[in-house]
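S.K.: Show me how the following folds:
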Amino acid sequence: MDTSLPADLDALAARHGFFAWGAADAGEVADRGRYLDFLARGYHGAMAYLARNTGLRIDPRRLVPGARSVLVFLRSYAWAAWPVPRGHAQVAAYARGRDYHVSMKNDLRVIAAHLGEGRARAFVDTGPVLERYWARASGLAAAGKNGLCLRPDAGSRFFIGVIVTTLHCPPSEAAPRDPCAGCDLCLRSCPTGALVAPYVLDATRCLSYLTIEHRGAIAPEFRAAMGAVVFGCDRCQDVCPHNRAPAVAGCIDARPRPPLAAPRLADMLSWDEASFNAIAAGSAVARAPLRCIHRNALIAAANGGNRTLIEAYARRPQDADLAALAAELLAS
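M.R.: Reported below is the predicted structural model:
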């Protein structure tokens, strides 16, 4: 082990906007049964990629031959709440700024390069890595009852990045004690019952899944629960006591950027592919296709009682399924 490695990583993490980092010995995921059960129950829905490469997810040594350590880095997106006036849409807090996949990956690659060519690989949410497990294993966070990672000083509003390396770094200290003891606000706040038990999420009922990953029609039973939401959901985080006044400030890349912080529903329903691509460029909102954005905006307009927007949309040529949705919303 390079005895200077922890000090180097302290400096590199701070320089690149990470408020904390930790390390765990590379090896098989200890509680892999939880993940496999999640898949077996079909809680991942149409996110088929989560069921691929399970061997790689369970053991990062298969990703990086000779791996000895998993380094974990945290970046906060805890900015002040953004106002959502009537007639505007609500976007999840993590997606109001720049796309963290890009900005974090670039910074982690710089850190990985410092570790030596061929000695490290960086991952941010898109590779076959169980980031939340490694955040817990590295002592950086505990499991929240809503399935997210949680820290008393930072709440749950932070991104997780991972570097798998052949270098050895001393494992970090154990995670903080259960920060959810005696609290179940997140479970009671979920508007669709997606949190089926403490620490267990049925993604197929989650508004984040339904508004972003789900490509088909949204079942009527979930529409009222969406409110003004068009991308993601923060309700289980909004009620968490640890998120009320986090000591860790949000990074500059996560600063909310108009118009995506709270776009006007009228504007959203007028977007074509070119305008949407231009507006969503560099944002996590680009994850959802435009037809899903229109679907969600139509439901949000109906929840806000704005029939005029739905009628205007219905008069224009568009996707047949969306035309049927508009007609259904107007008839209800």
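
S.K.: Look up phi and psi at Val164.
M.R.: Main-chain torsions, Val164, degrees, to the nearest 10: phi -100, psi 130.

S.K.: residue ranges for the strands of this structure, please.
M.R.: In the chain, the strands defined using DSSP state E lie at 20-25, 69-76, 90-91, 120-123, 142-143, 149-150, 158-165, 195-197, 200-201, 229-231.

S.K.: Dump these to JSON lines, plus mean neighbour count.
M.R.: Every residue, glycine included, has its C-beta placed from N, CA and C. Shown next, in JSON lines, are these (neighbours: other Cβ atoms under 10 Å):
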{"stretch": "strand 20-25", "mean neighbour count": "22"}
{"stretch": "strand 69-76", "mean neighbour count": "26"}
{"stretch": "strand 90-91", "mean neighbour count": "24"}
{"stretch": "strand 120-123", "mean neighbour count": "22"}
{"stretch": "strand 142-143", "mean neighbour count": "20"}
{"stretch": "strand 149-150", "mean neighbour count": "26"}
{"stretch": "strand 158-165", "mean neighbour count": "25"}
{"stretch": "strand 195-197", "mean neighbour count": "15"}
{"stretch": "strand 200-201", "mean neighbour count": "20"}
{"stretch": "strand 229-231", "mean neighbour count": "27"}
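
S.K.: Next, format the ones you listed as CSV and append mean pLDDT and distance to Pro256.
M.R.: Below are these laid out as CSV (pLDDT from 0 to 100; distance: least, Cβ to Cβ, whole Å):
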stretch, mean pLDDT, distance to Pro256
strand 20-25, 97, 23
strand 69-76, 98, 14
strand 90-91, 97, 9
strand 120-123, 97, 26
strand 142-143, 95, 27
strand 149-150, 96, 22
strand 158-165, 98, 15
strand 195-197, 97, 26
strand 200-201, 98, 25
strand 229-231, 98, 13
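
S.K.: Quick one, which of those gets closest to Leu207.
M.R.: Minimum separation from Leu207 across the strands of the chain (Cβ to Cβ) falls at strand 229-231, 5.7 Å.

S.K.: returning to that earlier point: can you redo the strands of the chain as a markdown table with distance to Pro263?
M.R.: Output for the strands of the chain, formatted as a markdown table (distance: least, Cβ to Cβ, whole Å):
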| stretch | distance to Pro263 |
| --- | --- |
| strand 20-25 | 32 |
| strand 69-76 | 24 |
| strand 90-91 | 7 |
| strand 120-123 | 30 |
| strand 142-143 | 33 |
| strand 149-150 | 29 |
| strand 158-165 | 22 |
| strand 195-197 | 28 |
| strand 200-201 | 27 |
| strand 229-231 | 8 |
